[in-house]
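>>> for reference, the sequence and a predicted model appear below.
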Amino acid sequence: MSYQQNYKNWLHDFAADEAIITDLESIANDDKEMEDRFYRNLSFGTAGMRGVLGAGMNRMNVYTVRRATQGLADYLSTEPGSKERGVVIAYDSRRMSAEFAKETALVLCANGVKVYLFDALRPVALLSYGVRHLNAAAGVVITASHNPPQYNGYKVYGEDGAQIGPETAAAVTAAIDALSFTEAKTMTEEAAAAAGLLHIIGDAEVDDDYIARVKTLSIHPEMLREEGKNLKIVYTPLHGSGNVPVRRILREIGITNVSVVKEQENPDPNFSTIKVPNPEDPAAFTLAIKLANEVGADAIFGTDPDCDRLGVAVREKDGSFRLLTGNQIGCLMLNYILSGKKEQGNLPANGAVVKSIVSTELARPICGAYGVELFDTLTGFKFIGEKIQQFEDEKSHTFLFGFEESYGFLSSTFVRDKDGVNASLLIAEAAAYYRTKGKTLCDVMEDIFQTYGYYLEHVESTTLPGIDGLKVMGEIMARIRKNPPTEIGGVKVARVMDFIAGTDTTVATGKVEKMDYPESDVLYFAMEGGHFVCVRPSGTEPKIKLYVNVNHKDEKKAKELLGHLTAEAQKLLK
């Protein structure tokens with residue numbers, strides 16, 4: 001069906017919805033906008049849905065949310081006992097998040113599914129924990145994470161508390177695809193409550209237990225009780241859901257000298273003080289740095305709207321602040337956990353660490369130094385969650401830490417997604433611990449580099465929106481896949497890993513081996529010297545991403561190599 005016909009169908013089907021009709025009529029003469037909204041349904045994949053708010057099939061609105069939820073309900077109806085076990089629902093501070101959460105709840109209730117709905121915004125980790133704590137069959141969180149304010153999203157979690165994997169996502173997608181936008185059942189909130197299907201989760205029901213469990217992740221709790229008060233931290237929740245739980249965990253472990261950026265303390269769906277609510281963006285720390293200089297803070301923490309990512313800035317010796325990369329934060333936490341457990345004599349013989357394939361290889365020698373096995377997964381924390389479950393099912397390894405370069409970290413098994421509260425505890429504790437040794441986190445990062453080599457990285461995204469952007473991304477990936485480079489900037493490519501074909505090709509010999517990974521549109525070039533270049537379209541945004549990672553024993557040479565390889569790797573996308 002053409003996008004013009006889809007547009008007409010929506011005008012007819014939702015004629016009674018004044019807001020939707022007004023929005024649709026505003027684009028009646030904008031053919032490009034009409035095409036973008038109606039050329040396809042908003043895709044539902046392993047990361048759920050994420051899109052711009054507005055009327056249309058390829059937008060986030062009440063009707064796309066209801067349709068997705070009806071599909072989820074239809075899938076759950078095929079899983080015995082799922083309706084009775086129920087679904088936990090959480091949401092963040094974005095536009096329409098609370099409304100979409102309620103719509104999700106009422107569609108599920110109308111299908112006879114028990115629902116546990118949080119009474120206010122919560123971090124992603126509390127949703128993951130809540131699913132496990134309440135023995136629910138699934139979970140849904142309404143969020144678009146760190147995207148600009150015009151976005152929102154819908155993520156589905158399995159009974160293990162991790163985002164659903166490819167197989168389950170395919171089954172839910174099939175159920176959604178079988179539906180029109182008018183087929184979703186719904187009911188009133190009053191009727192759902194009267195039927196005993198809708199349960200509202202208050203502060204104490206899940207939060208208290210979660211915070212108590214997070215506190216058990218501390219490596220040196222006694223040290224914190226003595227020294228925590230001496231560490232000065234500035235924290236910004238960037239208008240999101242981290243404000244209450246992050247401040248609470250820091251306070252309860254003994255870090256009481258915390259100043260909060262007042263302008264960014266309260267929920268604000270417009271994120272009016274920042275361009276994007278992303279702790280990866282140095283501009284997001286502008287107000288926090290100003291406050292940190294006023295109060296003489298040692299470090300700055302920032303979490304994104306759904307509090308699954310944590311950014312950290314550390315005061316240098318010259319008084320300026322250095323924003324750490326996600327890889328650096330991850331390696332600092334990893335080194336702190338492993339060294340602390342070894343010192344205490346409780347580092348397990350079967351310890352395991354998990355990272356995404358695009359995250360730094362610096363984790364490998366750190367793990368090797370402590371006799372811990374390192375596993376790689378595809379990008380997406382759900383794959384780290386799956387690995388944790390695999391370790392438990394097979395009783396093969398003890399999970400110690402997982403991280404992604406995109407500022408996602410986890411050291412627990414009672415949560416199965418990246419956790420900004422857990423991360424805040426760990427990095428604050430590490431900062432306090434190293435402070436007792438006369439070192440900052442920057443000092444410790446330099447020690448790690450001196451020990452293992454300078455592992456540096458560059459990540460960039462090229463935005464390619466709309467139907468034309470999808471076509472261009474497809475063409476870029478097809479072209480590189482057809483003619484993969486044998487060298488980049490004079491550095492030989494040792495192996496070409498194609499995650500759609502599932503092949504690992506040794507360039508020198510042409511030998512091809514099969515890889516045991518889910519199918520994914522990723523091309524990874526492992527280079528001589530332990531460097532790598534990776535290209536992949538984002539699974540959640542209209543972007544193609546380029547990752548360049550290098551290492552060298554000399555810092556200057558590492559920086560020169562990174563600049564050179566980045567410039568050459570960028571040519572792959574031209």
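Thanks, I have it. Numbers count the residues shown, from 1 in each chain.
>>> how near is the nearest residue to Pro485 once chain neighbours are set aside to Glu519?
Counting by Cβ to Cβ, 6 or more residues apart in numbering, Val493 is the residue found nearest to Pro485 once chain neighbours are left out, at 5.7 Å. For every residue, glycine as well, the C-beta is placed using N, CA and C. Taking Cβ to Cβ, to the nearest Å as the measure, Val493 falls 22 Å from Glu519.
>>> which one of the two is surrounded by more residues?
The residue with more neighbours, out of Val493 and Glu519 and counting by other Cβ atoms under 10 Å, is Val493; that gives 20 against 11.
>>> distance check, the residue nearest to Pro485 against Val372.
In terms of Cβ to Cβ, Val493 sits 29 Å off from Val372.
>>> before we move on, what about Pro279?
Counting by Cβ to Cβ, the gap from Pro279 to Val372 is 27 Å.
>>> so which of the two has more stuff around it?
Neighbours were counted for Pro279 and for Val372 using other Cβ under 10 Å; Pro279 has more, 28 against 25.
>>> what residues are up against the residue nearest to the more buried one when sequence neighbours are not counted?
Using Cβ to Cβ, 6+ apart and skipping the chain neighbours, the partner closest in space to Pro279 is Gly311 (2.7 Å). Listed by Cβ atoms under 8 Å, 6 or more residues apart in numbering, the contact set of Gly311 reads 279-280, 284-285, 301-303, 323-324, 329, 407.
>>> now with 6 Å, please.
Shown in contact with Gly311 (Cβ atoms under 6 Å, 6 or more residues apart in numbering): 279, 302, 407.
>>> what about the last one, how many residues nearby?
Right, the one you point to is Tyr407. Tyr407, neighbours per other Cβ under 10 Å, totals 27.
>>> phi and psi next, for it.
phi 70, psi 30 (degrees, to the nearest 10).
>>> is it true that it touches Arg309?
Yes - using Cβ atoms under 6 Å, Tyr407 makes contact with Arg309 at a distance of 4.0 Å.
>>> tell me, what's touching the two both at once?
Joint contacts of Tyr407 and Arg309 (Cβ under 6 Å, 6+ apart) are Pro279.
>>> in three-state terms, label Val234 for me.
strand (DSSP: H, G, I helix; E, B strand; the rest coil).
>>> which residues touch the longest helix seen in the chain?
Criterion DSSP state H: the longest helix present in the chain is helix 326-344. Residues outside helix 326-344 that contact it (Cβ under 6 Å, 6+ apart) are 219, 312, 347, 360, 362, 366, 370, 401, 403, 405-407, 409, 426, 430, 441, 445, 448, 457.
>>> in it, which residues are buried?
Buried positions in helix 326-344, judged by neighbour count with 16 or more other Cβ atoms under 10 Å: 326-341.
>>> output the contacting helices and strands for the next helix or strand after that helix.
Next helix or strand after helix 326-344 toward the C-terminus (DSSP states H and E): strand 351-356. In terms of contacts (3 or more Cβ pairs under 6 Å, 6 or more residues apart in numbering; DSSP states H and E), strand 351-356 is packed against strand 373-377, strand 398-404.
>>> tell me which of these lies nearest to Asp318.
strand 398-404 (28.7 Å; Cβ to Cβ).
>>> adjacent strands (with direction) for the closest one?
strand 351-356 (parallel), strand 408-410 (antiparallel) (DSSP bridges).
>>> how big is the angle separating that strand from helix 326-344?
Calculated by axes from the mean of the first three to the mean of the last three Cα atoms, to 10 degrees, strand 398-404 forms an angle of 160 degrees with helix 326-344.
>>> let me see the mean pLDDT of strand 398-404.
What strand 398-404 shows for mean pLDDT is 98.
>>> just to revisit the earlier point, quick one: the residue nearest to Pro279 is in a helix?
No - counting by three-state DSSP, Gly311 is not found in a helix; it is strand.
>>> for it, give the beta-bridge partners.
Bridge pairing for Gly311 - DSSP bridges - gives Gly302.
>>> distance of it from Pro282?
9 Å.
>>> do Leu347 as well
Leu347 is 35 Å from Pro282, by Cβ to Cβ.
>>> look at those two and report which has more neighbours.
Leu347 (18 against 13).
>>> setting aside sequence neighbours, what's the nearest residue to the more buried one?
Lys341 (4.0 Å).
>>> got it, and Glu519?
Nearest one to Glu519, counting by Cβ to Cβ, 6+ apart, is Ile500 at 5.8 Å.
>>> contacting residues for Leu231?
Contacts of Leu231 (Cβ under 6 Å, 6+ apart): 255, 298, 431-432.
>>> off-centre distance for stretch 517-528?
Mean-position distance between stretch 517-528 and its chain equals 20 Å (Cα atoms, centre = their mean, to the nearest Å).
>>> before we move on, the earlier item: per-residue confidence at the residue nearest to Leu347?
Listed pLDDT for Lys341 reads 98.
>>> go on, Leu464?
89.
>>> right, and Lys355 touches Ala363 too?
Yes - the pair Lys355 / Ala363 is scored as a contact, 5.4 Å apart, by Cβ under 6 Å.
>>> helix or strand next in line after the least confident helix or strand in the chain by mean pLDDT, which one?
Lowest by mean pLDDT, DSSP states H and E among the helices and strands of the chain is helix 466-482, with a mean of 92. Following helix 466-482 in sequence order, the next helix or strand is strand 487-488 (DSSP H and E).
>>> quick one: average pLDDT of that following strand?
Mean predicted confidence for strand 487-488 is 97.
>>> all good on my end, thank you.
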